[in-house]
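> got a predicted model here, sequence first, then my questions.
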Amino acid sequence: MLSNNGMEKVNFSGGEPFLVKHGKHLGEMVRYCKEVLKISVSIVSNGSLITEKWIKMYGKYVDILAISCDSFFEDTNKLIGRAQGRKEHIKQLRKIKDWCTEYNILFKINTVVNTYNKDENMSEEIIQLNPIRWKVFQCLLLEGENVGPQALRNAEKFYIDDDTFKEFLDRHREVPCLVPESNLQMQNSYLILDEYMRFLDCRKGSKIPSKSILDVGVTEALKFSGFDDAMFKKRGGIYKWTKEADKFSW
């Protein structure tokens with residue numbers, strides 16, 4: 001339904017998309033999107049459950065694999081909640097980078113700037129890993145999502161102000177792949193679907209669901225998505241998001 005209404009790219013994120021059946025369901029979904037729908041496919045993961053076996057089996061159906069990395073210090077990752085049991089997050093990140101190179105997947109890194117990593121300088125490590133994009137987000141608070149009495153988790157202790165975010169960006173201004181996203185740029189510039197296929201409207205500082213596209217169709221549900229198309233373009237939402245260069249038209 002989404003493809004028939006013009007969707008050109010889908011991004012699977014979470015939660016952690018590799019949790020269910022060790023990534024088997026995710027693998028079948030990316031296969032379908034690539035083989036049947038012929039659209040660009042990306043995944044955002046913390047990397048902890050990604051294996052070379054999965055990459056060998058399904059990597060050809062993935063254009064971009066983005067790994068969340070908020071620090072290059074393991075102690076800081078533990079404070080943030082990025083600990084991966086006995087696995088070392090940074091070692092796993094480097095493995096995934098090598099797998100992406102070997103199996104022809106575009107590698108990307110996502111970082112959320114917060115209270116615990118705001119003074120870190122990641123320039124050397126990011127330049128060495130050389131992702132196609134380093135998305136740097138300002139920690140965003142949404143009522144019911146990560147703040148407030150109904151929230152499953154509370155992220156207020158992670159929040160940083162605009163000046164602190166700018167200081168982090170200034171410290172990394174020489175990193176060529178840096179793509180910053182402030183709260184203003186991020187909040188309404190994504191089309192987000194939840195597990196019930198409802199668009200989530202973030203304009204009022206919380207995620208307000210539309211009716212499901214399965215009930216009312218894509219066009220009607222989109223009216224309640226809160227999507228800011230102008231901001232999407234302004235923040236660089238259109239870029240080379242497929243590894244098949246001949247299909248890239250802008």
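Received the coordinates, thanks.

> which SSE is the spatially most central residue of the chain in?
Closest residue to the average C-alpha location of the chain: residue 44 at 4.4 Å, with C-alpha atoms, centre = their mean. Using DSSP states H and E, the element containing residue 44 is strand 40-45.

> which other helices and strands contact that strand?
strand 9-12, helix 24-32, strand 64-68 (3 or more C-beta pairs under 8 Å, 6 or more residues apart in numbering; DSSP states H and E). C-beta: built from backbone N, CA, C; applies to glycine.

> contact partners of it?
With contact meaning C-beta atoms under 8 Å, 6 or more residues apart in numbering, strand 40-45 is reached by 8-14, 16-18, 26, 30, 33-34, 61-68, 108, 110, 241-242.

> which of the residues you listed count as buried?
The neighbour-count criterion (16 or more other C-beta atoms under 10 Å) marks 9-12, 16-18, 26, 30, 33-34, 61-68, 108, 110, 241-242 among the contacts of strand 40-45 as buried.

> lowest-pLDDT helix or strand in the protein?
None of the helices or strands of the chain scores lower by mean pLDDT, DSSP states H and E than helix 183-186, at a mean of 66.

> could you point out the helix or strand that follows that one?
Downstream of helix 183-186, the first helix or strand assigned by DSSP H and E is strand 200-201.

> describe which strands the helix or strand following that following strand pairs with in its sheet and in which direction.
Note on strand 200-201: by DSSP H and E, the next helix or strand toward the C-terminus is strand 208-209. Each strand paired with strand 208-209, and its direction, by DSSP bridges: strand 200-201 (antiparallel).

> for the host helix or strand of residue 96, buried residues please.
For residue 96, the host element (DSSP H and E) is helix 89-102. Neighbour-count burial for helix 89-102 flags 89, 90, 92, 93, 95, 96, 97, 99, 100 (criterion: 16+ other C-beta under 10 Å).

> tilt between that helix and strand 64-68?
Interaxial angle of helix 89-102 relative to strand 64-68 (axes from the mean of the first three to the mean of the last three C-alpha atoms, to 10 degrees): 170 degrees.

> mind giving me the packing neighbours of the next helix or strand after helix 89-102?
Where DSSP H and E defines the elements, the next helix or strand beyond helix 89-102 is strand 106-113. Under the contact definition 3+ C-beta pairs under 8 Å, 6+ apart, strand 106-113 sits against strand 64-68, helix 89-102, helix 123-129, strand 133-138, helix 162-171.

> so which of the ones you listed is nearest residue 49?
helix 89-102 (9.6 Å; C-beta to C-beta).

> relative to strand 40-45, how tilted is the closest one?
Using the same axes, to 10 degrees: helix 89-102 against strand 40-45 is 160 degrees.

> and helix 89-102 with strand 106-113, angle?
Interaxial angle, helix 89-102 versus strand 106-113 (the same axes, to 10 degrees): 150 degrees.

> ok, now which ones touch the nearest residue in space to residue 66 that is not next to it in sequence?
Using C-beta to C-beta, 6 or more residues apart in numbering and skipping residues adjacent in sequence, the residue nearest residue 66 is residue 108, 3.9 Å away. Going by C-beta under 8 Å, 6+ apart, residue 108 touches 42, 64, 65, 66, 67, 131, 132, 133, 134, 135.

> can you list the low-confidence ranges for the chain?
Residue ranges of the chain with pLDDT under 70: 83-86, 140-155, 183-187, 245-250.

> domain map for it?
For the chain, automatic domain parsing gives the domain ranges 3-186, 187-238.

> sorry, back to before: now distance to residue 49 too, for the helices and strands packed on strand 106-113, in a markdown table please.
Shown next, in a markdown table, are those (distance: least, C-beta to C-beta, whole Å):
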| stretch | distance to residue 49 |
| --- | --- |
| strand 64-68 | 12 |
| helix 89-102 | 10 |
| helix 123-129 | 20 |
| strand 133-138 | 21 |
| helix 162-171 | 29 |
